[in-house]
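Show me the folded form of this:
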Amino acid sequence: MLPAFGLYTHIRANLYRSAFLVGGLFFLVYLLTYAGALAAEAYWYPHWRLQSLLIKAWQDLGQAFPWVTGATALWVAFAYKFNQRLIGLAVGGHEITREENPKLYDMLENLCISRGMTMPRFEIMETDTPNAFASGVNEKQYTITLTRGLINMLSDDEMEAVIAHELTHIRNGDVRMMIFAMVIAGVIAFFAELIFRSIMNSGSRRSSRDSDGKGGGGMALMIAAAIVGVAWFLSIVIRFALSRSREFLADAGAVELTKNPDAMISALRKIEGRSELQEVPSAVMEMCIDNPRSGFADLFSTHPTMDSRVDALVRYAGGHDLDPAALEALRNPQALEGPADAPPQDHIDQAGQPNPEQTATTPQQDGVFLPRGQGRKLRMPWGPPR
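Model prediction:
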């Protein structure tokens, strides 16, 4: 499997993407400013020709340019400095100390020492839903948040794999890029709705001021509304068009750190289908290790499927997927419940007594794991291993 920390091209690409996202934010704000200016001119001068209104709105944008640029830069600076506090308010997590949970704290510390990384903050979100995410844009802000449900569900090896996964997101620059995408989507959505409502109000007032229907005011309002719609759509595309390969690479980084692909696989399988955090915004779910929320026809899904991620670990990291029976037991534990003390049927001989030979078999022999290479064959986004 490709080593995640060796993929400097991916890290460098994330830096370029982050700069592109910030530049995209300014462009979309300018676009919305022009739409607002066009709507205002159409309201005040409904009898003007369309061309004159378009030119006047362009002049208005030139006059407002320094103010709009300054306000946008101020918002980016505010988001850069306080994004972690805003996320903390949204999820309601609290910091983990060594005294409170020395085992988890030592796991994170050892993983950071192994890679020479500055140790991020460690927080717990009090919910029974199993999930985890990393956040922050610099070493002073980087935070790994685990839910209480995840801590109670996973074994030590599985928990270490999840922590290593989130550390890889920090190391690869994925977290910073997602924060910038969140800032863009939030700002553009707010101003797009504000300007769109202004356009609708301008249209209703214009109908009473311009009963003869002459002039380009009506067409200008339609163009302004279309510009707002395009800006909003572009912000959504920017937010969701981020490469989903980041999750494959974070899984690879977890294996590189822990040398235990089976722990990563079993953690993913336990989380699968149970990770929906109803109480947090969609933007936070996009940063989680699993996001079951998806867009239209999976076009805007922020995460690859669990099956494809597990298949990557099986095919390229030598991991072993759970067999269908064990997988069904994880997904529907009540469906396969039996007497608490009853051994598995495969471990009972004809006399009805436990079979020592079967009971002593390894997990691979009794069907808990599939042999290497027998997972579903899916094409990986980075191509065949080299």
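
What strand or helix carries residue 124?
Under the criterion of DSSP states H and E, residue 124 resides in strand 121-125.

now residue 140: how far from residue 274?
To residue 274, residue 140 is 33 Å away according to C-beta to C-beta, to the nearest Å. C-beta coordinates here come from the backbone N, C-alpha and C atoms, glycine included.

What is the strand holding residue 124 packed up against?
For strand 121-125, the elements it packs on are strand 94-95, helix 102-115, strand 143-147, helix 148-153, judged by 3 or more C-beta pairs under 8 Å, 6 or more residues apart in numbering; DSSP states H and E.

Can you say which of those is packed in most?
strand 143-147 (a mean of 24; mean count of other C-beta atoms under 10 Å).

Return the alpha-carbon coordinates of that one using PDB.
What follows is strand 143-147, C-alpha atoms only, in PDB (Å, rounded to 0.1, in the frame of the first residue of the first chain):
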ATOM      1  CA  THR A 143      -7.600  18.800  17.700                       C
ATOM      2  CA  ILE A 144      -8.700  15.200  17.500                       C
ATOM      3  CA  THR A 145     -12.200  14.600  18.700                       C
ATOM      4  CA  LEU A 146     -13.600  11.100  19.600                       C
ATOM      5  CA  THR A 147     -17.100  10.300  20.600                       C
END
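
Give me the contact list for it.
84, 87-88, 91, 93, 104, 108, 120-136, 159, 162-163, 166-167, 170, 277 (C-beta atoms under 8 Å, 6 or more residues apart in numbering).

that older thread, just the angle between the strand holding residue 124 and helix 102-115, please?
On the basis of axes from the mean of the first three to the mean of the last three C-alpha atoms, to 10 degrees, strand 121-125 is oriented at 140 degrees to helix 102-115.

What count of nearby residues applies to the residue lying closest to residue 145 once chain neighbours are set aside?
Spatial nearest neighbour of residue 145, chain neighbours left out: residue 123 (4.5 Å); criterion: C-beta to C-beta, 6 or more residues apart in numbering. Residues near residue 123, counting by other C-beta atoms under 10 Å, number 19.

show me the contacts for residue 161.
254-255, 258, 260, 263-264, 267 are the contacts of residue 161 under C-beta under 8 Å, 6+ apart.

Most neighbours among these, which one is it?
Counting neighbours by other C-beta under 10 Å, residue 254 comes out on top of the contacts of residue 161 with 31 neighbours.

ok now do the spatially most central residue of the chain, which residues does it touch?
Note on the chain: the residue nearest the mean C-alpha position is residue 286, at 2.2 Å, using C-alpha atoms, centre = their mean. Applying C-beta under 8 Å, 6+ apart to residue 286 gives the contacts 178, 181-182, 239, 302.

and the residues you listed, which are buried?
Among these, those classed as buried by 16 or more other C-beta atoms under 10 Å are 178, 181-182, 239, 302.

hmm, back to that, show the pLDDT at the residue nearest to the centre of the chain.
We have a pLDDT of 83 for residue 286.

And for residue 7?
51.

returning to what we had before: mind telling me the two of the contacts of residue 286 farthest from one another?
Maximum pairwise distance among these (C-beta to C-beta): 11.5 Å, between 182 and 302.

circling back to that earlier point, the residue nearest to the centre of the chain and residue 191: what is the separation?
From residue 286 to residue 191 the distance is 21 Å (C-beta to C-beta).

and what of residue 101?
On the measure of C-beta to C-beta, residue 101 and residue 191 end up 42 Å apart.

And the two? Which one has more around it.
Taking neighbours as other C-beta under 10 Å, residue 101 and residue 191 compare with residue 191 leading, 22 against 15.

so which strand or helix has the more buried one?
Following DSSP H and E, one finds residue 191 within helix 174-209.

pLDDT (mean, whole number) over that helix?
The predicted model gives helix 174-209 an average pLDDT of 74.

do stretch 65-72 as well
The pLDDT scores in stretch 65-72 average 91.

what distance separates it from the centre of its chain?
Here stretch 65-72 shows a centroid-to-chain-centroid distance of 29 Å under the convention C-alpha atoms, centre = their mean, to the nearest Å.

got it, and stretch 90-100?
21 Å.

Ok, stretch 187-194 next?
Between the centre of stretch 187-194 and the centre of its chain there are 21 Å (C-alpha atoms, centre = their mean).

Give me the contacts around it.
25, 28-29, 32, 72, 75, 228-229, 231-232, 234-235.

Taking the residues you listed, please make a PyMOL selection of just the buried ones.
In PyMOL syntax, the buried subset of the contacts of stretch 187-194 is picked out as below (16+ other C-beta under 10 Å):
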select buried, resi 25+28+29+32+72+228+231+232+234+235
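
Pick out the most distant pair among the contacts of stretch 187-194.
75 and 229 (22.1 Å).

Comparing residue 140 and residue 274, which residue is more hemmed in?
residue 274 (17 against 11).

So that one is in contact with residue 130, correct?
Yes. The pair residue 274 / residue 130 is scored as a contact, 5.6 Å apart, by C-beta atoms under 8 Å.

shared neighbours of the two, which are they?
residue 149.
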